[in-house]
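What follows is a protein structure lacking sequence information:
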Ligand SMILES: Nc1ncnc2c1ncn2[C@@H]1O[C@H](COP(=O)(O)OP(=O)(O)OP(=O)(O)O)[C@@H](O)[C@H]1O
């Protein structure tokens, strides 16, 4: 499902030359249907690992294989289709402020030209699942932080991705809303989606025990 083999990553410097290595010799494999925490202090490389897992970057060394596609060999034109199979949740929500809750969730399906009749059923079911039925006409600013984050999860999964990647999804939330968000991700995982969550909180993995990959200074220093 996800395989990192001796992955190295350098971001380009302002002149376009390779900058310092921010990931070095990172190797792990995540099976289908697993739940994995990515832990580590600020600057450890968690977001960089997740950006590789979204096919938003290619490794500068080693290989990343996502859903059977090796990123170093993939053609540029193949990446959009791969990215559509991967759902992404960001810490800062990134909802469209002028659209209603309903339209935010429906957007990925509309962009994929799915028929409106099937969009209606899928969006209604998801809004109910995340506890937002009755609030479908509200714009994001008329929802609480926890509700907005649950909406981003609904939007990330409405097209039924095989892999869901969440970067610090609870850092803007209070403890109760954070627990509710993690409970949703865990339930999604029980239904079969492979889930990867990066966090620097130690409380969350204690609440939902699962495999933990620990990064420090761009290296994998723990896996268990
Ligand atoms: N676009 C970029 N260009 C250059 N360097 C970058 C870029 N993005 C991240 N870095 C560097 O890569 C290293 C790892 O950053 P990354 O964001 O992956 O860490 P992180 O563990 O997610 O940190 P945080 O918890 O603070 O979000 C850091 O030294 C950071 O400065």
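That came through fine. This structure is a prediction, so every number in the text was calculated from the model and none was measured. Numbers count the residues shown, from 1 in each chain.

Quick one: residues contacting residue 83.
With contact taken as C-beta atoms under 8 Å, 6 or more residues apart in numbering, residue 83 is in contact with 54, 55, 56. Every residue, glycine included, has its C-beta placed from N, CA and C.

repeat that with 7 Å
54, 55 (C-beta atoms under 7 Å, 6 or more residues apart in numbering).

any idea what it is structurally, helix, strand or coil?
Residue 83 carries the three-state label helix when classified by DSSP: H, G, I helix; E, B strand; the rest coil.

Kindly report the same for residue 128.
Taken by three-state DSSP, the conformation at residue 128 corresponds to helix.

before we move on, what about residue 141?
Secondary structure state of residue 141, per three-state DSSP, is helix.

so it touches residue 98, yeah?
No: Residue 141 is not in contact with residue 98 according to C-beta atoms under 7 Å; the separation is 10.0 Å.

what about residue 72, distance to residue 38?
According to C-beta to C-beta, to the nearest Å, residue 72 stands 21 Å off from residue 38.

after the biggest strand by length in the chain comes which helix or strand?
Counting by DSSP state E, the longest strand found in the chain is strand 18-30. With elements assigned by DSSP states H and E, the helix or strand that comes after strand 18-30 is strand 35-39.

what number of residues lie near the closest residue to residue 112 other than its chain neighbours?
Closest residue in space to residue 112, ignoring its immediate chain neighbours: residue 159 at 6.4 Å, by C-beta to C-beta, 6 or more residues apart in numbering. As a burial measure, residue 159 scores 17 neighbours (other C-beta atoms under 10 Å).

Helix, strand or coil: sort out residue 159 for me.
Of the three states, residue 159 takes coil under three-state DSSP.

Double-check it against residue 107; I have them as touching.
No: judged on C-beta under 7 Å, residue 159 makes no contact with residue 107 at a distance of 10.0 Å.

now the lengthiest helix in the chain, how far from the centre of its chain.
Using DSSP state H to define each element, the chain has its longest helix at helix 175-190. Distance of helix 175-190 from its chain centroid, counting by C-alpha atoms, centre = their mean, to the nearest Å, is 14 Å.

Show me the contact partners of that helix.
35, 130, 145-146, 149-150, 153, 157, 164, 166, 169-170, 173, 195, 197, 204, 207-208.

Also stretch 125-137?
By C-beta under 7 Å, 6+ apart, the surrounding residues in contact with stretch 125-137 are 100, 101, 102, 105, 143, 147, 150, 151, 153, 154, 158, 184.
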